[in-house]
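Q: All I have is the shape, not the residue letters:
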RNA sequence: GGCGCUAUCGUCUAGGGGUUAGGACGUGAGAUUCUCAAUCUCAAAACCCGGGUUCGAUUCCCGGUAGCGCUACCA
């Protein structure tokens, strides 16, 4: 390591989505860098061009920024060790591979895929570790060079010597493999592109990476990489291997488990601070063993690699929801209202762009239903009582319908509806204060109070047996009815007229 | 098949040779409210199995089992 300064990197393949496992790896790298006032580097591993498209990289960067991370060096911002795309570093990889051949530490291999496959199957059948036999290992260098010059396709393999490959893992402690299980693996493919285990090492060394924090699926790759470091005489970085994130069925979390990518969570309306907090808690805990709510800033202060768990963790959407509810309560209503717009538009409730008046009204809507939400995507559903009122549908809902047809309920409505209708007509709407005066009057006339009084009124007004407080809903109805929305919101007067028009309540207005 | 990693409530975890094994999510009950929710209170819920070491193991060691990963000219 050429520097004492902590330098870590996140090196994803741009595949079109950022899996939460990768997001957590990125987060832990970032936290470690920030904790030690070091550098966090973004490097794109795009050697496999079939899977890499420019737009994937753009999306990857956007997703990571949304997630709350920033980096000191990367493909979008450059830096002293550019380029930061693996595909643009292939010349360097080739030069290093050839250098190893010159020094007799690597060699050209002319075996065909068919030959290798046959070898592999034979080894497997014999119950042996299926590793490369070393057939091309002893070919004289001149002969190999001649074949290459003739244009024969050749890969480059590392000459593995008998050795133990051990390291002190920052998460797992001392870990090691015998060279028996490795075999002379590929450095450079016959198409000239580097293999992953070679390219990462060359790039990490060139970028002076001091700590490699990555998923534990790379544990078995580590001895190969150590072999490369050893061949070059480089000092390897420290390694920290993070456990896998599993789905509820204990298999590796994948797309079929539902929301698993940053994009998924953003679309759901999960707040990034909730997701970083949750992911930090998945496999890491604070030193007091109790604290769970952490902003990114607090996480930077508290984070340490030695408090990372070794065992795999199952992703729990419920706990993420809990954190998201927590952070939604902390967020400004304006921010939440803006985040809810796409879902509301999709539901046909809103037309964009939303005016300032609509946004201000939306804040009240968010405020009214927030307690019922796990994430913002659920807002249209939770706000249905505001946007959709249909007295006829109410009449088809047997439970609710039966309730308000009880004699007591009919009595309450018989008094309430005409009073409220008159007030709304006379005053051009109904304030909550006025609404309360009317309910008090109804209470005097009927002797009903509490649930007996309010439940029928709620049903008549909202069409539903449950929902936000009427204190919040009534002003929302009234103000909403004055706004130009994707779907007109009915005011109190309109709702009661619709209700009174139901045949079953035909007499209610005159009662 | 070989190699490796892992194992505390349903889930995320704390802890550690002697503890009433702690917290959180979720669940259940109660309180409160016009309802749902939110909130508050309470409750149920765990050391994978078998050996060893030890006066004593959930904790340390070994084995088993299970889960996961790697075993590529994928990354």
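A: Looks like it came in fine. Note that the structure is a prediction, hence the values are computed from the model and not measured. Residues are numbered from 1 along each chain as shown, chains lettered A, B, ... in the order given.
Q: per-residue pLDDT, residue A:115?
A: pLDDT, residue A:115: 85.
Q: Could you find the closest non-adjacent residue to it?
A: Once flanking residues are discounted, residue A:115 sits nearest to residue A:135: 8.0 Å by C-beta to C-beta, 6 or more residues apart in numbering. Every residue, glycine included, has its C-beta placed from N, CA and C.
Q: list the contacts for that neighbour?
A: Counting by C-beta atoms under 8 Å, 6 or more residues apart in numbering, residue A:135 touches A:109, A:111, A:115, A:119.
Q: secondary structure class for it?
A: Here residue A:135 is recorded as coil under DSSP: H, G, I helix; E, B strand; the rest coil.
Q: Could you check the pLDDT of it?
A: On the pLDDT scale, residue A:135 gets 85.
Q: now it: how far from RNA strand B?
A: To RNA strand B, residue A:135 is 11 Å away according to C-beta to the nearest atom of the strand, to the nearest Å.
Q: Phi and psi next, for that residue.
A: When read as degrees, to the nearest 10, the backbone of residue A:135 gives phi -60, psi -40.
Q: re earlier: strands - which of the contacts of residue A:135 land there?
A: Judged by DSSP state E, the subset of these located in strands is residue A:109.
Q: what subset of the contacts of residue A:135 is also close to RNA strand B?
A: Restricting the contacts of residue A:135 to those near RNA strand B by C-beta under 7 Å from any atom of the strand leaves A:109, A:111.
Q: Just the buried ones out of the contacts of residue A:135, please.
A: Neighbour counting by 16 or more other C-beta atoms under 10 Å classes A:109, A:111, A:119 among the contacts of residue A:135 as buried.
Q: just curious, which of these is nearest to residue A:5?
A: Closest approach between those and residue A:5, by C-beta to C-beta: residue A:109, at 38.8 Å.
Q: So which bits of stretch A:378-396 are buried?
A: Quick answer for stretch A:378-396 (16+ other C-beta under 10 Å): A:378-380, A:382-389, A:391, A:394-395.
Q: residues of the helix or strand bottoming out on mean pLDDT in chain A that come out buried?
A: Here the helix or strand of chain A ranked lowest by mean pLDDT, DSSP states H and E is helix A:113-125, holding a mean of 81. When burial is assessed from 16+ other C-beta under 10 Å, helix A:113-125 yields the following buried residues: A:116, A:119, A:123.
Q: And the contacts of that helix?
A: Here helix A:113-125 makes contact (C-beta under 8 Å, 6+ apart) with A:111, A:129, A:130, A:131, A:132, A:133, A:135.
Q: at 6 Å instead, please
A: A:130, A:133 (C-beta atoms under 6 Å, 6 or more residues apart in numbering).
Q: would a markdown table of the contacts of residue A:135 with distance to residue A:177 be doable?
A: Putting the contacts of residue A:135 into a markdown table (distance: C-beta to C-beta, whole Å) gives the following:
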| residue | distance to residue A:177 |
| --- | --- |
| A:109 | 22 |
| A:111 | 24 |
| A:115 | 26 |
| A:119 | 21 |
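Q: how about the residues of the stretch 301-450 of chain A near RNA strand B?
A: Counting by C-beta under 7 Å from any atom of the strand, the stretch 301-450 of chain A comes close to RNA strand B at A:307, A:309-314, A:316, A:318-319, A:321-322, A:325, A:371-372, A:450.
Q: go with 6 Å
A: Proximity of the stretch 301-450 of chain A to RNA strand B, by C-beta under 6 Å from any atom of the strand, involves residues A:307, A:309-314, A:316, A:318-319, A:322, A:371-372, A:450.
Q: of all these, which two lie farthest apart?
A: A:310 and A:450 (55.5 Å).
Q: Among the two, which residue is more densely surrounded?
A: Neighbour totals were compared for residue A:310 and residue A:450, and residue A:310 leads with 13 against 8 (other C-beta atoms under 10 Å).
Q: Contacts for whichever strand or helix holds residue A:142, please.
A: Taking DSSP states H and E as the definition, residue A:142 sits inside helix A:141-149. Defining contact as C-beta under 6 Å, 6+ apart, one finds that helix A:141-149 is touched by A:108, A:154.
Q: same question for that helix, mean pLDDT?
A: Computed over helix A:141-149, the average pLDDT equals 92.
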